[in-house]
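*Asks:* here's my sequence, what's the structure:
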Amino acid sequence: MGLGPQSRWAVLLFQVFVLQGCQCVSVRFPSQQPIYVVSGENLILQAQIDQSPGEFISKVTWEHEAEATKNSGKTTVAEFPFKSSGGRVTVEKDGAVMKLSNYQRTDSGVYTITVTNQHGGQASARCNVHEYEAVHHVSVMVNVSHSVLHCREAWGTDPVFSWLHEKAAVTEAVGKVSTDGSSLQLSIPLCGHFTCVVSNKLGHSSATYTGVPCERSNGGTAVAIVSLLFVLLLAGGLTFLLWRRHRHYSSRRERLQESFEDTV
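*Replies:* Numbering: from 1, shown residues only. Okay, the predicted model is just below:
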């Protein structure tokens, strides 16, 4: 028995709402922060795919949009199930993980994952990937009026700052380092050599600011004076002992002479 026009419309509307309700697939990356990869190492991107009960993923597509080339468009680098554009790219965990071996500068850019369910519903997520850069062009500037030294670095990834004064690590007696390490508020006069060292996992670079010569501490002078006094006292004591010994022998010789003359 066929359905009437109203029944057919009811079935059609029901299917539309049910199918739309099932198209609730979603995908996202754990972090929205850019990812930095050292040249020659492997790039691993892992997305989190969420789907409702009874829903399954029919296709996962990974696309790349180059960073250096404007309006280059997206290039498909991998698909699930098991289709990739070259031996360097593989996908795992039902397409949720993409691995690219031997990362190069040209691999930088935006990676987009698009997930499609059995109903044709789609969801996408994007991730920015950049090459991990070494530290470059470190410089030190000074604000004389505020007794502050500022360290600058050109474009290194994740730079870590540290300070030296006369080749020794800066202590609180010398000054206070800012939270990010790039500035040094001095507690002493701006004298001697102040070195800023900037490093990351690819190496380090440094720059030095040279102030006026520092005055020498009085501690060295005091030690020299004490040492001189000790030497003088020691020399005086030895001289006194030698003088007493010489006088003792002279007196004894005189007594022997007098005894001898009396006997004669």
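
*Asks:* on the three-state scheme, residue 242 is what?
*Replies:* helix (DSSP: H, G, I helix; E, B strand; the rest coil).

*Asks:* what number of residues lie near it?
*Replies:* Residues lying near residue 242 (other CB atoms under 10 Å) number 10. (C-beta placed from N, C-alpha, C; glycine too.)

*Asks:* what does residue 43 give?
*Replies:* Residues near residue 43, counting by other CB under 10 Å, number 20.

*Asks:* the residue nearest to it when sequence neighbours are not counted pairs with what?
*Replies:* Closest residue in space to residue 43, ignoring its immediate chain neighbours: residue 100 at 4.2 Å, by CB to CB, 6 or more residues apart in numbering. In this structure, residue 100 bridges to residue 43, residue 89 when assessed by DSSP bridges.

*Asks:* could you check how far residue 100 is from residue 29?
*Replies:* 15 Å (CB to CB, to the nearest Å).

*Asks:* of the two, who's got more company?
*Replies:* More neighbours surround residue 100 than the other of residue 100 and residue 29, with 24 against 17 (other CB under 10 Å).

*Asks:* list the contacts for the more buried one?
*Replies:* Residue 100 makes contact with 42-44, 77, 88-89, 107, according to CB atoms under 8 Å, 6 or more residues apart in numbering.

*Asks:* Throw these into TSV and include pLDDT and distance to residue 123, thanks.
*Replies:* TSV is the format used below for the contacts of residue 100 (pLDDT from 0 to 100; distance: CB to CB, whole Å):
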residue	pLDDT	distance to residue 123
42	97	26
43	97	22
44	97	21
77	93	19
88	90	26
89	93	21
107	95	24
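
*Asks:* out of the residues you listed, which are buried?
*Replies:* Buried by 16 or more other CB atoms under 10 Å: 43, 77, 88-89, 107, out of the contacts of residue 100.

*Asks:* residue contacts, residue 193?
*Replies:* Contacts of residue 193 were listed using CB under 8 Å, 6+ apart, and they are 164-167, 208-211.

*Asks:* separation between the residue nearest to residue 206 when sequence neighbours are not counted and residue 146?
*Replies:* Ranked by CB to CB, 6+ apart and with sequence neighbours excluded, the top spatial neighbour of residue 206 is residue 197, at 4.5 Å. Residue 197 sits 22 Å away from residue 146, taking CB to CB as the criterion.

*Asks:* more neighbours: which of these two?
*Replies:* residue 197 (19 against 9).

*Asks:* ok, that one - contacts?
*Replies:* Residues in contact with residue 197 (CB under 8 Å, 6+ apart) are 138, 161-164, 204-206.
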